[in-house]
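Q: The amino acid sequence is not available; the structure is as follows:
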(Lines give C-alpha, C1' and ligand atoms only; values in the text may rest on other atoms or scores of the structure.)
Protein backbone atom coordinates (compact mmCIF):
# COMPACT_ATOMS: atom_id res chain seq x y z
CA UNK A 1 0.00 0.00 0.00
CA UNK A 2 1.36 3.39 -0.92
CA UNK A 3 1.73 6.24 1.54
CA UNK A 4 -1.07 8.16 -0.19
CA UNK A 5 -3.37 5.15 0.05
CA UNK A 6 -2.72 4.84 3.79
CA UNK A 7 -3.47 8.52 4.38
CA UNK A 8 -6.66 8.30 2.29
CA UNK A 9 -8.05 5.29 4.21
CA UNK A 10 -11.35 6.21 5.87
CA UNK A 11 -11.49 5.92 9.65
CA UNK A 12 -14.74 6.15 11.60
CA UNK A 13 -14.64 8.55 14.52
CA UNK A 14 -16.89 11.22 15.90
CA UNK A 15 -19.94 9.91 14.05
CA UNK A 16 -18.47 10.03 10.54
CA UNK A 17 -15.73 8.70 8.30
CA UNK A 18 -12.68 10.83 7.65
CA UNK A 19 -9.43 10.10 5.76
CA UNK A 20 -6.70 9.08 8.20
CA UNK A 21 -4.36 11.78 6.88
CA UNK A 22 -6.92 14.50 7.73
CA UNK A 23 -7.20 13.59 11.42
CA UNK A 24 -6.18 16.62 13.48
CA UNK A 25 -4.46 16.48 16.85
CA UNK A 26 -7.81 16.99 18.67
CA UNK A 27 -9.34 14.19 16.53
CA UNK A 28 -6.49 11.85 17.46
CA UNK A 29 -6.73 12.74 21.15
CA UNK A 30 -10.50 12.15 21.12
CA UNK A 31 -10.04 8.76 19.40
CA UNK A 32 -7.45 7.75 22.02
CA UNK A 33 -9.80 8.75 24.84
CA UNK A 34 -12.76 6.95 23.24
CA UNK A 35 -10.83 3.71 22.82
CA UNK A 36 -9.27 3.95 26.29
CA UNK A 37 -12.77 4.18 27.77
CA UNK A 38 -13.83 1.07 25.83
CA UNK A 39 -10.83 -1.03 26.86
CA UNK A 40 -11.36 -3.59 29.55
CA UNK A 41 -10.59 -7.23 30.12
CA UNK A 42 -11.33 -10.29 28.05
CA UNK A 43 -12.07 -9.60 24.39
CA UNK A 44 -11.82 -5.83 24.81
CA UNK A 45 -8.30 -6.02 26.28
CA UNK A 46 -6.84 -5.69 22.77
CA UNK A 47 -8.46 -2.28 22.46
CA UNK A 48 -6.05 -0.93 25.09
CA UNK A 49 -3.06 -1.44 22.80
CA UNK A 50 -4.75 0.39 19.94
CA UNK A 51 -5.77 3.19 22.33
CA UNK A 52 -2.13 3.52 23.42
CA UNK A 53 -1.16 3.74 19.76
CA UNK A 54 -3.55 6.66 19.22
CA UNK A 55 -2.05 8.36 22.29
CA UNK A 56 1.45 7.82 20.88
CA UNK A 57 0.31 9.28 17.57
CA UNK A 58 -0.96 12.36 19.42
CA UNK A 59 2.43 12.77 21.14
CA UNK A 60 4.27 12.34 17.83
CA UNK A 61 2.05 14.94 16.17
CA UNK A 62 2.50 17.40 19.03
CA UNK A 63 6.27 16.87 19.02
CA UNK A 64 6.48 17.42 15.26
CA UNK A 65 4.11 20.40 15.28
CA UNK A 66 1.81 18.53 12.89
CA UNK A 67 -1.73 19.87 12.51
CA UNK A 68 -2.88 16.68 10.74
CA UNK A 69 -1.60 13.12 10.47
CA UNK A 70 -0.70 13.89 6.86
CA UNK A 71 1.76 16.53 8.09
CA UNK A 72 3.95 13.82 9.64
CA UNK A 73 6.75 12.32 7.57
CA UNK A 74 5.27 9.61 5.37
CA UNK A 75 7.20 6.77 7.02
CA UNK A 76 5.82 7.65 10.45
CA UNK A 77 2.27 8.17 9.16
CA UNK A 78 2.20 4.78 7.42
CA UNK A 79 3.71 3.04 10.45
CA UNK A 80 0.99 4.52 12.67
CA UNK A 81 -1.64 3.48 10.10
CA UNK A 82 -0.43 -0.11 10.47
CA UNK A 83 -0.22 -0.01 14.28
CA UNK A 84 -3.70 1.50 14.58
CA UNK A 85 -5.26 -1.01 12.17
CA UNK A 86 -6.10 1.76 9.69
CA UNK A 87 -4.27 -0.65 7.41
CA UNK A 88 -5.63 -4.00 8.63
CA UNK A 89 -3.19 -6.83 9.34
CA UNK A 90 -2.95 -8.94 6.22
CA UNK A 91 -4.60 -6.18 4.21
CA UNK A 92 -8.21 -6.88 5.17
CA UNK A 93 -10.45 -7.34 8.17
CA UNK A 94 -12.65 -9.73 6.19
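A: In hand now; what should we look at? Small disclaimer: the values here were computed from a predicted structure and weren't measured.
Q: which one is the residue nearest to the spatial centre of the chain nearest to, not counting chain neighbours?
A: For the chain, residue 84 is the residue whose C-alpha lies nearest the centre (C-alpha atoms, centre = their mean; 4.7 Å). Excluding the flanking residues, the one nearest residue 84 by C-beta to C-beta, 6 or more residues apart in numbering is residue 53, at 4.9 Å. Placement of C-beta: from N, CA and C, glycine included.
Q: So that neighbour, which state does it fall into?
A: helix (DSSP: H, G, I helix; E, B strand; the rest coil).
Q: Contact partners for the residue nearest to the centre of the chain?
A: Residue 84 makes contact with 50, 53-54, 57 under the criterion C-beta atoms under 8 Å, 6 or more residues apart in numbering.
Q: So of those, which two are at opposite extremes in space?
A: The span of the contacts of residue 84, defined through C-beta to C-beta, is set by 50 and 57 at 10.6 Å.
Q: what's downstream of the lowest-mean-pLDDT helix or strand in the chain, the next helix or strand?
A: When the helices and strands of the chain are scored by mean pLDDT, DSSP states H and E, helix 3-8 comes last with a mean of 81. For helix 3-8, the succeeding helix or strand toward the C-terminus, using DSSP states H and E, is strand 10-13.
Q: just checking, what packs against that next one?
A: With contacts taken as 3 or more C-beta pairs under 8 Å, 6 or more residues apart in numbering; DSSP states H and E, strand 10-13 sits against strand 16-19, helix 25-38.
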